[in-house]
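Asker: only geometry, no sequence info:
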């Protein structure tokens, strides 16, 4: 059997090699840009005095959710992170997640809309999503390196790929789930497809799309640990270091910091999603 | 010219409608075609017209193709073959833009389950059609507001649909269609989802709106009582084909075939109801002894009628007097009505079946009097109240 091994791996490798050879000058350049921007963002966030930052986050949470417990919890959680000496790593992770999620949303939501509107796009996109979601996340790391080099851009690239599927799926699902009678109604009143999209589809699908974005953020956060293997640093880097040195306590501290960030983001985003419905 | 003119309309559901169409023309039935080709026959050779200002009710059991037929009119469903002229323009040959124009301006549609946008306020819902037309915000909200007050929803504009009862939600649906001031209203089982009392209110409301607006209305219903009450004419459908077109009376009295007869019979209350149950207990009668021509005229004016029954002091029916005859006597200064009374009039007993009343009334230029065996005057039946009474009491029988 093995004598006639199909060259699956070889084909993929050759393909990627080809792309690297011809495209890497673009990707490497874009890596520079992203790295610089991300660095600027990080140092900008770090310029804010930590107590002020915590107060600002608390105010934001309060303004968006009007929930006392959540506001207090967020502030206390951030204070704990500060106390554990993980502030810089956390900021770095937040910046990375923020950029990755924004990219994932910017690509995912429009793609989801396209998939909902056109059957052809749907048929192409869905199997690709299946691959993206079931392929072990580590595998993305390998081609990311030749394209972007070790570092944060490679981490963002693989994070975007890993976290984008829910944004696409939920957007598509939300639009396809619009009740048929409402769709018929908009047609009967002579709406164009674009009018239907803006007046009916998107407003009605908004809670579902928000749920997808929430998932995207969560996936992005879970990817940062994995991405630290190719130089993402941040909280993931701390965990990675702890694994290599078998520092159980340090590992858990970084893990707790990730959980805190995840919970704040999740609760706030969920609130934003459901607020539309009430 | 007819407002809506439909000729040879077919709708076949399935990938290869040509074949099914051929089988239809060979006289195969809907079930045969389904069995041999897996194609559904939605509409089978429909021909009819709707005149301006008329309410036509398309009636049939579920699956009879009435919804499909009406959706062909604004091409929510594209017909397989045939011709639909609206104001002389063929809907089937229209391009995208012209079709959109037609839907945006000429035809308003009201849906069975209201189809209101849940994320919009009542006012914004009512303004939807105008918004799609591209009208600016201020103007469309103003027109939508007017439409809302037309259907009796003043002050509800800022609410959301889910805060309203079913009846009120459908009023919003109606306002949304009326806001366009369309020539044609398509109403798809518009009142079927409402409970019976509210439904009756909405029917009355539609009738009174129609008196003012004179729209051309195509109304789908599976309810004979509703059809009798609302329809100037009724189109009865079965298996996608039209079985009979006619006025409510024609459908009731001369059913075209057994299907219609059974349909009518199932819900038919005309055989159960009697003259007594549909008559008006009229207080407007002239008393032979006391009332002169002037008094009779005054009573007619007061009750807004052109004929008055005359009774004697024991309330026995003497005859009928018309406004014209009474006026002549009054001009001459006569003191008694006797000369103007027409005594040779048709009467029925209280237990006469309502079913028989249609034919009796058909020839009658004046209302029908109901008397008992002693010829005592009991009440009056007018054609309009007969049909309305039949329609209204249908649910209770």
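Answerer: Received, thanks. Quantities reported herein were computed from a predicted structural model and do not represent experimental measurements.

Asker: Lowest mean pLDDT among the helices and strands of chain A, which one is it?
Answerer: Least confident helix or strand, chain A: helix A:137-148 with a mean of 83, by mean pLDDT, DSSP states H and E.

Asker: buried residues in that helix?
Answerer: Going by neighbour count (16 or more other CB atoms under 10 Å in any protein chain shown), the buried part of helix A:137-148 is A:137, A:140, A:141, A:143, A:144, A:145, A:146, A:147, A:148. In short, each C-beta sits where N, CA and C put it, glycine included.

Asker: Could you figure out how far the helix or strand following it is turned away from helix A:137-148?
Answerer: Reading on from helix A:137-148 to the C-terminus, the next helix or strand found by DSSP states H and E is helix A:152-176. With axes from the mean of the first three to the mean of the last three CA atoms, to 10 degrees applied, the angle from helix A:152-176 to helix A:137-148 works out at 120 degrees.

Asker: Nearest to chain B: which residue in chain A?
Answerer: residue A:190 (3.5 Å; CB to the nearest CB).

Asker: Which positions in chain A make contact with chain B?
Answerer: Selection of chain A residues close to chain B by CB under 8 Å from any CB of the partner chain yields A:179, A:181-182, A:184-192, A:195, A:199-200, A:203-204, A:276.

Asker: Could you check how far the most centrally placed residue in chain B is from residue B:256?
Answerer: By CA atoms, centre = their mean, chain B has its centre lying nearest to residue B:230, at 1.7 Å. When distance is defined by CB to CB, to the nearest Å, residue B:230 is 20 Å away from residue B:256.

Asker: Check what pLDDT residue B:394 gets.
Answerer: The score at residue B:394 is 49. That number is its pLDDT.

Asker: Identify all contacting residues around the least confident helix or strand of chain A.
Answerer: A:16, A:19-20, A:23-24, A:27-28, A:30-31, A:154-155, A:157-158, A:161-162, A:223, A:226-227, A:229-230 (CB atoms under 8 Å, 6 or more residues apart in numbering or on different chains).

Asker: and the residue of chain A closest to chain B, how many neighbours?
Answerer: 22 (other CB atoms under 10 Å in any protein chain shown).

Asker: got a pLDDT number for it?
Answerer: Confidence for residue A:190, expressed as pLDDT, is 94.

Asker: tell me which element it is part of?
Answerer: Using DSSP H and E, no helix or strand contains residue A:190.

Asker: Next up, the contacts around it.
Answerer: Contacts of residue A:190 (CB under 8 Å, 6+ apart): B:99, B:100, B:101, B:102, B:103, B:104, B:105, B:129, B:132, B:133.

Asker: since we're on residue A:112, how many residues are nearby?
Answerer: 32.

Asker: Point out the residues in chain B that sit beside chain A.
Answerer: Within chain B, the positions adjacent to chain A are B:74, B:76, B:99-105, B:107, B:109, B:111-113, B:115, B:117-119, B:128-129, B:131-133, B:176, B:180, B:186 by CB under 8 Å from any CB.

Asker: Name the SS class of the residue of the stretch 201-350 of chain B found nearest chain A, please.
Answerer: Residue of the stretch 201-350 of chain B nearest chain A, by CB to the nearest CB: residue B:218 (13.0 Å). Secondary structure state of residue B:218, per DSSP: H, G, I helix; E, B strand; the rest coil, is strand.

Asker: and it, bridged to which residues?
Answerer: With DSSP bridges as the criterion, residue B:218 is bridged to residue B:56, residue B:186.

Asker: Pull up the gap between it and residue B:281, please.
Answerer: In this view, residue B:218 and residue B:281 are 37 Å apart by CB to CB.

Asker: before we move on, what about residue B:207?
Answerer: 23 Å.

Asker: These two - which one has more neighbours?
Answerer: residue B:207 (13 against 9).

Asker: Let me see the contact set for the more buried one.
Answerer: Neighbours of residue B:207 in contact, by CB under 8 Å, 6+ apart: B:229, B:230.

Asker: Which residue is the nearest non-sequential neighbour of residue A:107?
Answerer: In space, and not counting its chain neighbours, residue A:107 is closest to residue A:164: 6.2 Å by CB to CB, 6 or more residues apart in numbering or on different chains.

Asker: The one you found reaches residue A:106, doesn't it?
Answerer: No. Applying CB atoms under 8 Å, one finds residue A:164 not in contact with residue A:106, separated by 9.8 Å.

Asker: Would you mind telling me which of the two has the busier surroundings?
Answerer: Using other CB under 10 Å as the criterion, residue A:164 and residue A:106 rank with residue A:164 on top: 28 against 13.

Asker: what about the longest helix in chain A?
Answerer: helix A:8-47 (DSSP state H).

Asker: which residues of the stretch 51-200 of chain A score low on pLDDT?
Answerer: Applying pLDDT under 70 to the stretch 51-200 of chain A flags no residue at all.

Asker: cutoff 80 now
Answerer: A:140 (pLDDT under 80).

Asker: The stretch 201-350 of chain B: helices as residue ranges?
Answerer: B:224-230, B:248-253, B:258-267, B:275-278, B:293-303, B:323-332 (DSSP state H, counting those that start in this stretch).

Asker: Lowest average pLDDT across these?
Answerer: Looking at the helices of the stretch 201-350 of chain B, the bottom one is helix B:258-267 with a mean of 72.

Asker: now what about that one, what contacts it?
Answerer: Residues from elsewhere that reach helix B:258-267 (CB under 8 Å, 6+ apart): B:61, B:223, B:224, B:225, B:236, B:238, B:243, B:244, B:251, B:252, B:255, B:394.

Asker: Now that we have the residues you listed, which of them are buried?
Answerer: B:223, B:224, B:225, B:236, B:238, B:243, B:244, B:251, B:252, B:255, B:394.

Asker: ok, residue 241 - contacts?
Answerer: All of this is about chain A. Contacts of residue A:241 by CB under 8 Å, 6+ apart are A:247, A:250.

Asker: nope, chain B please
Answerer: Counting by CB under 8 Å, 6+ apart, residue B:241 makes contact with B:43, B:44, B:45, B:46, B:65.

Asker: Report the beta-bridge partners for it.
Answerer: residue B:238.

Asker: separation between residue B:55 and residue B:1?
Answerer: 19 Å.

Asker: higher neighbour count, these two?
Answerer: Neighbours were counted for residue B:55 and for residue B:1 using other CB under 10 Å; residue B:55 has more, 22 against 9.

Asker: What about the closest residue to that one other than its chain neighbours, how many residues nearby?
Answerer: The shortest distance from residue B:55 to any non-neighbouring residue, by CB to CB, 6+ apart, is to residue B:217 (4.4 Å). Other residues near residue B:217 come to 25 when the count uses other CB under 10 Å.

Asker: Residue B:217 reaches residue B:51, doesn't it?
Answerer: No. Look at residue B:217 against residue B:51 with CB under 8 Å: they stay out of range, at 11.1 Å.

Asker: thinking again about what came up before, filter the contacts of residue B:241 down to the ones in helices?
Answerer: Members of the contacts of residue B:241 lying in helices (criterion: DSSP H): none.

Asker: okay, residue B:268: pLDDT?
Answerer: 53.

Asker: again, but for residue A:277
Answerer: Taking residue A:277 on its own, its pLDDT is 48.

Asker: I'm done for today, thanks for sticking with me.
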